[in-house]
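Student: Generate a structure from the sequence data that follows.
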Amino acid sequence: MTLQHEPVDDSILDEQLEYYRARAPQYDDWFQRRGRFDRGDEATAVWQHEIDLVRSWLATLELAGRDVLELAAGTGIWTAELLAQGASVTAIDAAPEMLDRLRRRVGARPITTIEADLFAWRPPRQFDAVVSCFFMSHVPDQRFDGFLDLLSSTVRSGGRVFLLDSSRNELSTAIDHTLPSDRDQTMRRRLDDGRSFRIVKRFRSDEELAAACARHGLVVDVRRSPNFFQVVTGTRA
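Tutor: This next block holds a predicted model:
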């Protein structure tokens, strides 16, 4: 039985974007397990091991020479991985502050960046693969089919899809954050300066994700690392 989640007002999406714009200078602290995200040496070692596992799953897409679209690229952590694997990347994000940091991260390597709201943007063409890391859990239920429709319409027939997000684990988030309940789609996030924002955070089961992707012509496999990450890989039928 699928739980019914509380609906999300669109104003929260505006607040979510405001949060990520403000968070851009400190976003990498989460990935590097610094400051409020540091849960101790043992947890950090497990995190890094599982990131390496995710990198190995990404490598199975064999993206060298492929035309790849990255949705919600953020500060470019995974953009750099895609470029290192030899992909040609078009990176999209709604926050200009994130894209500024992405460009600094990738340096002189060739890349196309687009500032756009993913809930309104439509692709001008199709790509060999679409990658989105740590965004799908920020899409509320009433927008999720639209997000998957964007994925399906953007990738060529037979093209690859790679979605990465967090599993529900309190050690993944900051020490002063509380993850949402099973019935809630939102949580409150804080910045280092104390400001707080309400954002979407919707955890989905493997079965729910696979069924939703299938509705949009995406044949996928959903897997998890032991503690922190959920990964969707597949193709457009």
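
Student: Quick check: next helix or strand after the lengthiest strand in the chain?
Tutor: Counting residues, the longest strand found in the chain (DSSP state E) is strand 155-166. Tracing the chain past strand 155-166, the next element assigned as helix or strand by DSSP states H and E is strand 186-190.

Student: list the helices and strands whichever helix or strand comes after that following strand packs on?
Tutor: Where DSSP H and E defines the elements, the next helix or strand beyond strand 186-190 is strand 196-200. Applying 3 or more CB pairs under 8 Å, 6 or more residues apart in numbering; DSSP states H and E, we find strand 196-200 packed against helix 10-23, strand 186-190. C-betas here are computed from N, CA, C, even on glycine.

Student: Kindly present these as a markdown table, with separate columns for mean pLDDT and distance to residue 82.
Tutor: Output for the helices and strands packed on strand 196-200, formatted as a markdown table (pLDDT from 0 to 100; distance: least, CB to CB, whole Å):
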| stretch | mean pLDDT | distance to residue 82 |
| --- | --- | --- |
| helix 10-23 | 97 | 20 |
| strand 186-190 | 97 | 26 |
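
Student: For this protein, just list every one of the strands.
Tutor: 67-71, 88-93, 112-115, 127-133, 155-166, 186-190, 196-200, 218-224, 229-236.

Student: With mean neighbour count and distance to residue 207 as extra columns, can I get those strands in CSV?
Tutor: Below are the strands of the chain laid out as CSV (neighbours: other CB atoms under 10 Å; distance: least, CB to CB, whole Å):
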stretch, mean neighbour count, distance to residue 207
strand 67-71, 24, 23
strand 88-93, 24, 29
strand 112-115, 14, 33
strand 127-133, 23, 20
strand 155-166, 19, 15
strand 186-190, 17, 23
strand 196-200, 18, 21
strand 218-224, 16, 8
strand 229-236, 21, 12
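
Student: Turn the helices and strands packed on strand 196-200 into JSON lines, columns for distance to residue 153.
Tutor: Formatted as JSON lines, those follow (distance: least, CB to CB, whole Å):
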{"stretch": "helix 10-23", "distance to residue 153": "21"}
{"stretch": "strand 186-190", "distance to residue 153": "28"}
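
Student: closest one to residue 160 among these?
Tutor: helix 10-23 (26.1 Å; CB to CB).
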